[in-house]
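Trainee: structure here, sequence nowhere to be found:
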C-alpha cells in the first residue's frame, strides 16, 4: 500500500503563476525526492532533500521539508505551459514510497 | 545517452503468455529497482538489487514474477502466465551508494504492458 499523499490531487493555474504542491509521508525517511511525470512517460528526477535539510532550491523549484510533521512542499515559480505534468514525492530510506501525485495543468 | 534504458517500451500480450522486460541502469550505479505503476496511481516498489544480490521483494511480487541481475549490470523482470491485472507501466530505476550519493534514483522510460 502507498504511504505518501500529495495534495492537492489536481491543480490548474495560469502561466506565470506559482504552483505549490504538498506531500505527507508516514514513516521516517533519510531523504525525500520529487519527480515529474509527463503522461505515459517515465519519472524525471527534480530534486532531493535530505532529512537534515529544511529547504532547498534548484532553478524555479523550492522544496521544504518538515520532518516533525512528516511533510514536504514543492513550489514552482513563474510556471510555464511545459510544467504541465504529474508531480510525485517519494520518501526514501532505500526504496521510494510514492503517493498518487498532483496533476498540474498550466494554462497558456 | 547515459540514462536508464528499458526495453521494450510497449508490450501487448495475451493472457497466459510469459513476458520479459530488460533494464539497463546508469553504468556506475550499483543499485537497481523495479516499480509498477497503474493508471492514476504512483509507482509501487516491487524489488531491488545491490549489485547482483536481490535484497528485497515486495508482497506485490507474486510467484509468477521473477527478477534477475546476473552480473550486477542489466536486469530482467519476467512475468509468467500473465493476467489482465498485470497490465501496468513497469519502471526501472538505478542509484549509487557511493559516499557522495544520497541514493538519488533515476528512472527509465518504462515498459507499458497490456494483457488482453
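Mentor: Ah, there it is. Bear in mind that the values here come from a model prediction, so they are computed numbers and not experimental data. Numbers count the residues shown, from 1 in each chain, chains lettered A, B, ... in the order given.
Trainee: tell me which residue is most central in chain B.
Mentor: Nearest to the geometric centre of chain B sits residue B:34, at 3.1 Å (CA atoms, centre = their mean).
Trainee: and residue A:8, how far from residue B:59?
Mentor: 30 Å (CB to CB, to the nearest Å). C-beta coordinates here come from the backbone N, C-alpha and C atoms, glycine included.
Trainee: up against chain B, what does chain A have?
Mentor: A:2, A:4, A:30-31, A:33, A:35, A:40-45, A:48, A:50, A:88, A:90, A:92, A:94-101 (CB under 8 Å from any CB of the partner chain).
Trainee: how about the residue in chain B that chain A sits nearest to, nearest residue that isn't a chain neighbour?
Mentor: The nearest approach of chain B to chain A comes at residue B:42, 3.2 Å away (CB to the nearest CB). Spatial nearest neighbour of residue B:42, chain neighbours left out: residue A:98 (3.2 Å); criterion: CB to CB, 6 or more residues apart in numbering or on different chains.
Trainee: same question, residue A:41
Mentor: Closest to residue A:41 by CB to CB, 6+ apart is residue B:109, at 6.3 Å.
Trainee: ok, now which ones touch that neighbour?
Mentor: A:41-42, B:5-6, B:9 (CB atoms under 8 Å, 6 or more residues apart in numbering or on different chains).
Trainee: low-confidence bits of chain B, can you list those?
Mentor: B:1, B:98-102 (pLDDT under 70).
Trainee: what does chain B put close to chain A?
Mentor: B:4, B:6, B:31, B:33, B:35, B:40-45, B:48, B:56, B:89, B:91, B:93, B:102-110, B:112.
Trainee: surely residue A:82 is in a strand?
Mentor: No: counting by DSSP: H, G, I helix; E, B strand; the rest coil, residue A:82 is not found in a strand; it is helix.
Trainee: count of neighbours near the closest residue to it other than its chain neighbours?
Mentor: Distances taken as CB to CB, 6+ apart place residue A:106 nearest to residue A:82, at 7.8 Å, with adjacent residues excluded. The local packing of residue A:106 (other CB atoms under 10 Å in any protein chain shown) involves 20 other residues.
Trainee: give me the sheet partners of the one helix or strand residue A:106 maps to and which way each runs.
Mentor: Under the criterion of DSSP states H and E, residue A:106 resides in strand A:102-107. Take DSSP bridges as the rule and strand A:102-107 pairs in its sheet with strand A:10-14 (parallel), strand A:85-92 (antiparallel).
Trainee: that's all I had, so thanks and see you.
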